[in-house]
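Peer 1: pasted the sequence and its predicted model underneath.
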Amino acid sequence: MRKLLFILSCLSSLLLIASSPGTLAQSSANSGTDSSKTPFTLTDGDRVVFLGNSLMEDDIQFGYLELALTTGWPGRNVTYRNIGWSGDNVFGEARSYVTAPPTPYQRLIQQLTDAKPTVVFLAYGGVEAQEGESGLPRFKQGLNQLLDTLDRLGAKTVLVSPIPVLLPSSDLVSQRNAALISYGAALAQTAAEHKKRYVDVFKPIQEASKQAVITDDGVHLNETGYYYLATALENGLGLPSRTSSIGIDLSKSTIESVVPTRLLTVDKGTSTVTFVANEPCLPLPAPTQDGKIIPVDNGRTVTIKGLKKGFYTLRIDDDEVATASARQWAEGIVLRQGPSFTRSAAIRQLIQRKNELHFFQYRPLNQTYIIGFRSYEQGRHKKGLEEQSYIITWLEGQIAAANQVKAATFQLTQLK
């Protein structure tokens, strides 16, 4: 009987893959183009899936990876699902439960199929690297198998390298990092063979560790670490920088700005300058640690020359943002607060809440009793899990509503 159930489960998984939107014809089309040489973009209707070990799963609580991609394409209808699993490898072995079938790998493929991805960020190799050089052939074999499955699902794949171990220097740490570099190289080679995009985050995270404390244990990134991982991912994808500058010279009536800016009025009587700027995307909010904001390079620079001597206060959409002297404004003031930062932080909170709900929906507590072989005991709770989709969809609507391009009105007024 158990053998029959196993065979039926395998056939079911194959049928799910075959009937999914990504057909073999789509797979051939995907494999014929080199995605690594085309600009990375997300379009309306895309479904982005984060897949891998704890490097992906742990961002569920921080939301920086999704926030970076969400705000990078404001106004677009893109869905995100994080199905990372701590300790996982390319064979899905960490996804094992006492219920069999399905096997861990079948569960991995089922979860991917259910997510209906069009874009997958795949971050494996960190766990497999513990096997050293001897484990590379098996890792490559499993990686190729997984990439073939993603092609059949019709998904574009971005391979992401492991991150370094950031513990005090020792022979063991050096050996471990050498193995992680080797597995990263295997990922890069496999990406090239499959014409996939590859992002190296090993070096950027190593450099970031020299600027701030980005882990709590030398292995798993903390909130600050995920801020730097998100920026490393953006850079690796070739996305434009989020830092922007606005420069206005009142004496020459000129504007130098990397964002669309329009000077509205200059009231010499009240020494008030009003202008409108349209930022292409929201900034990433700075991380916090022990209740304190960690200084990061996420500011917007505003420079205004030609002001009379005195002190001036800048308001953005009626929110007081900064006060400085005319000389300081002429040199440039870096803004790290204001409506755009507030809106970005609010979107991040919505993302964190949505991801938490999804996590407990597809990985419910006591799932053996709810959706497993003992579901005859508590299977009634499955309906409650399904109904969480309504809340998730509502939260996604709130995220989309907040993530729209919006012009901001800047008003600089002299203090009397």
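Peer 2: Yep, it's here.
Peer 1: now Thr313: which helix or strand?
Peer 2: strand 311-316 (DSSP states H and E).
Peer 1: pLDDT of that strand, averaged?
Peer 2: Per-residue pLDDT values over strand 311-316 give a mean of 96.
Peer 1: try stretch 49-69
Peer 2: Stretch 49-69 comes out at a mean pLDDT of 98.
Peer 1: pretty sure Ile255 is in a helix, no?
Peer 2: No: under DSSP: H, G, I helix; E, B strand; the rest coil, Ile255 falls outside any helix and is assigned strand.
Peer 1: related to what we said a few turns ago, tell me the buried residues in the very next helix or strand once past the strand holding Thr313?
Peer 2: Later in the chain than strand 311-316, the nearest helix or strand by DSSP H and E is strand 319-325. Of all the residues in strand 319-325, those buried under the rule 16 or more other C-beta atoms under 10 Å are 321-322, 324. Bear in mind the C-beta positions are built from the backbone N, C-alpha and C, glycine included.
Peer 1: what's the span of stretch 234-244 from first residue to last?
Peer 2: Taking C-alpha to C-alpha, to the nearest Å as the measure, stretch 234-244 stretches 15 Å from start to finish.
Peer 1: just the buried positions in that stretch, please.
Peer 2: 234, 236-237, 239, 242, 244.
Peer 1: need the contact list for the residue most central in space within the chain.
Peer 2: When the chain is reduced to its mean C-alpha position, the closest residue under C-alpha atoms, centre = their mean turns out to be Leu65, at 1.5 Å. By C-beta atoms under 8 Å, 6 or more residues apart in numbering, the residues touching Leu65 are 50, 56, 59, 121, 226, 229-230, 233.
Peer 1: what is the nearest of the residues you listed to Gly87?
Peer 2: For the contacts of Leu65, the residue nearest Gly87 by C-beta to C-beta is Met56; the value is 11.9 Å.
Peer 1: what about that closest one, neighbour count?
Peer 2: Counted by other C-beta atoms under 10 Å, the residues lying close to Met56 total 23.
Peer 1: and what of Ile294?
Peer 2: So Ile294, with other C-beta under 10 Å, has 17 neighbours.
Peer 1: how close does it sit to Gly236?
Peer 2: Per C-beta to C-beta, to the nearest Å, Ile294 is found 22 Å from Gly236.
Peer 1: how about the helices in the protein?
Peer 2: Applying DSSP state H to the chain gives helices spanning 2-19, 24-31, 54-57, 64-72, 104-115, 136-152, 171-193, 202-208, 223-236, 326-331, 339-362, 367-370, 375-378, 382-402.
Peer 1: wait, Gly338 sits on Asp318?
Peer 2: No: taking contacts as C-beta atoms under 8 Å, Gly338 lies outside contact range of Asp318: 10.9 Å.
Peer 1: out of these two, which sits in the busier spot?
Peer 2: Higher neighbour count among Gly338 and Asp318: Gly338, with 20 against 8, using other C-beta under 10 Å.
Peer 1: who touches Thr71 in this structure?
Peer 2: Here Thr71 is in contact with 281-282, 284, 344, 347, 403 (C-beta under 8 Å, 6+ apart).
Peer 1: export these to a markdown table and tack on pLDDT?
Peer 2: Below are the contacts of Thr71 laid out as a markdown table (pLDDT from 0 to 100):
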| residue | pLDDT |
| --- | --- |
| Cys281 | 89 |
| Leu282 | 93 |
| Leu284 | 96 |
| Ser344 | 96 |
| Ile347 | 98 |
| Asn403 | 95 |
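Peer 1: how about those, which pair is most distant?
Peer 2: Using C-beta to C-beta, the contacts of Thr71 reach their maximum pairwise distance at Leu284 and Asn403, which is 13.0 Å.
Peer 1: where does pLDDT dip in the chain?
Peer 2: 1-33, 36, 98-100, 364-386 (pLDDT under 70).
Peer 1: tell me which residue lies farthest from the centre of it.
Peer 2: Gly269 (47.8 Å).
Peer 1: how near is the residue nearest to the centre of the chain to Tyr312?
Peer 2: Taking C-beta to C-beta, one finds Leu65 at 38 Å from Tyr312.
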